[in-house]
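> no sequence for this one, just the structure:
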């Protein structure tokens, strides 16, 4: 029995002078998702101190929800080494970097009225359809400058888009930060977004055809894993970014490269595992595939990412963790 009763719960004390990082340290001695969030901070800190190659998976509507600068901070401070994102997040990043806005709204709005007024809704957030179309045209104009005689990895394409945004945008965002920090960003489902719509428009109306070499994306990320002494993952939501990062270990193993599984793993999700989908799949399940290493330090935080991510990143900032200075 003693081995089960080794760590008592310590009631959380309120200290007005405490920094957020100190609060999370105290939360390591409570229970439920509070303890998991504290564990996530501990794992992320250890990854940074060990010079682990950290993959960040970004799903959901994080940019419309106001998380663009939080993600940019992670990139600028080198608190992640590789970003894998949905196309939607990157399109919305492009949209905001150009100076267009998302607006606070309501989930119970009359959506037919919104459509009449040219307003698109993402749960409780609005955006002008006209401004989305302007962003589409920006991407169409950008692709017309590319050498279409060659194919591009999504990393190459998005790096060039980030450079273009640095020249013509109103402020920095995720893509501009990645291009300036030389952080690779991949979008395995780039067609499943308004970026894909803009590329379709460019082909149909202007004859500008951009070809993607998605297999090279797979090989590049697998090689990054194989050449790293240690790798870790942070998943904000699930979906395609999560699976794409997970499969790097499998790809490396199939090819015959070094693959021992990610040694660290943090995921912030709301989807439960019992529906069988990848978004809610446990990190333990990933070990059956060899995606997460045996003995890996791992935690799942069941929480809205718009709550958990700003808390974690602010705590990392307060701990003075900044690999960009090294």
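Great, that's in hand. The model shown is predicted, which means the values in this text are computed figures rather than measured ones.
> number of nearby residues for the nearest residue to residue 87 once chain neighbours are set aside?
Distance criterion C-beta to C-beta, 6 or more residues apart in numbering; nearest residue to residue 87, sequence neighbours excluded, is residue 193 at 2.5 Å. The C-beta positions use only the backbone N, C-alpha and C, and glycine is treated the same way. Counted with other C-beta atoms under 10 Å, the neighbours of residue 193 add up to 19.
> verify the stated contact: residue 193 with residue 85.
No: using C-beta atoms under 8 Å, residue 193 is not in contact with residue 85; the gap is 9.6 Å.
> ok, back up a step: show me the contacts for the residue nearest to residue 87.
86, 87, 88, 90, 91, 187 (C-beta atoms under 8 Å, 6 or more residues apart in numbering).
> I figured the second one hits residue 192, correct?
Spelled out, it's residue 87. Yes: contact criterion C-beta under 8 Å: residue 87 and residue 192 qualify, at 5.8 Å.
> anything in contact with each of those two?
Shared contacts of residue 87 and residue 192, counting by C-beta under 8 Å, 6+ apart, come down to nothing at all.
> which one's more surrounded, those two?
Using other C-beta under 10 Å, the more surrounded residue of residue 87 and residue 192 is residue 87, with 22 against 15.
> I'd like the distance between the more buried one and residue 202.
As judged by C-beta to C-beta, to the nearest Å, residue 87 and residue 202 stand 15 Å apart.
> wait, is residue 268 part of a helix?
No: looking at residue 268 with DSSP: H, G, I helix; E, B strand; the rest coil, it is strand, so not inside a helix.
> check the gap between the residue nearest to residue 87 and residue 41 for me.
Going from residue 193 to residue 41 by C-beta to C-beta gives 31 Å.
> now do the SS call for residue 148.
Under three-state DSSP, residue 148 comes out as coil.
> what about it, how many neighbours?
With other C-beta under 10 Å as criterion, residue 148 counts 16.
> need the contact list for it.
208, 209, 210, 211.
> could I get the residues you listed as CSV with secondary structure?
Output for these, formatted as CSV (three-state DSSP):
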residue, secondary structure
208, coil
209, coil
210, coil
211, strand
